[in-house]
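Chemist: Below are the sequence and a predicted model for it; my questions follow.
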Amino acid sequence: MSIDRAVSAFAGIMILVSVLLTVMVSPYFVWLTVFIGANLFQSAFTRFCPAARIFKALGFKSGSTY
């Protein structure tokens, strides 16, 4: 799996988890969803993504392989 796909999968899972936590635990978990969205938005312009760096350190391949 490439870094691009891993980041997309991780972001999707985190959004689903944050929505579930917002509904079942506390409405304040909506801020986790906002943080994830803001991070995705800024990474589109700055090309800096903390999750991508972590996946690279874990040995995921660079590039997009769709």
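Modeler: Received it, and whenever you're ready, just let me know what you need. Numbering: from 1, shown residues only.
Chemist: Read off the pLDDT value for the spatially most central residue of the chain.
Modeler: By C-alpha atoms, centre = their mean, the chain has its centre lying nearest to Ala11, at 2.7 Å. In this model, Ala11 is scored at 94, pLDDT.
Chemist: Spit out the contact partners of it.
Modeler: If a contact means C-beta atoms under 8 Å, 6 or more residues apart in numbering, then Ala11 has Ile36, Leu40, Ala51 as its contacts. All C-beta atoms are positioned from the backbone trio N, CA, C, and that covers glycine.
Chemist: right, and the first one touches Ile15 too?
Modeler: So that's Ile36. Yes. Using C-beta atoms under 8 Å, Ile36 is in contact with Ile15, at 5.6 Å.
Chemist: In terms of neighbours, single out the busier of those two.
Modeler: Ile36 (18 against 15; other C-beta atoms under 10 Å).
Chemist: Roughly how far does the more buried one sit from Ser18?
Modeler: Separation of Ile36 from Ser18 (C-beta to C-beta, to the nearest Å): 7 Å.
Chemist: Give the buried residues for the top helix by length along the chain.
Modeler: In the chain, with assignment by DSSP state H, the single longest helix is helix 3-24. For helix 3-24, the neighbour count (16 or more other C-beta atoms under 10 Å) marks Ile3, Asp4, Arg5, Ala6, Val7, Ala11, Met14, Ser18, Leu21, Thr22 as buried.
Chemist: What lies in contact with stretch 20-31?
Modeler: For stretch 20-31, the external contacting residues (C-beta under 8 Å, 6+ apart) are Ser18, Leu32, Thr33.
Chemist: Identify the residues contacting the first one.
Modeler: For Ser18, the contacting residues are Phe29, Val30, Leu32, Thr33, Ile36, by C-beta under 8 Å, 6+ apart.
Chemist: List only those of those flagged as buried.
Modeler: Here, 16+ other C-beta under 10 Å leaves Phe29, Leu32, Thr33, Ile36 buried among those.
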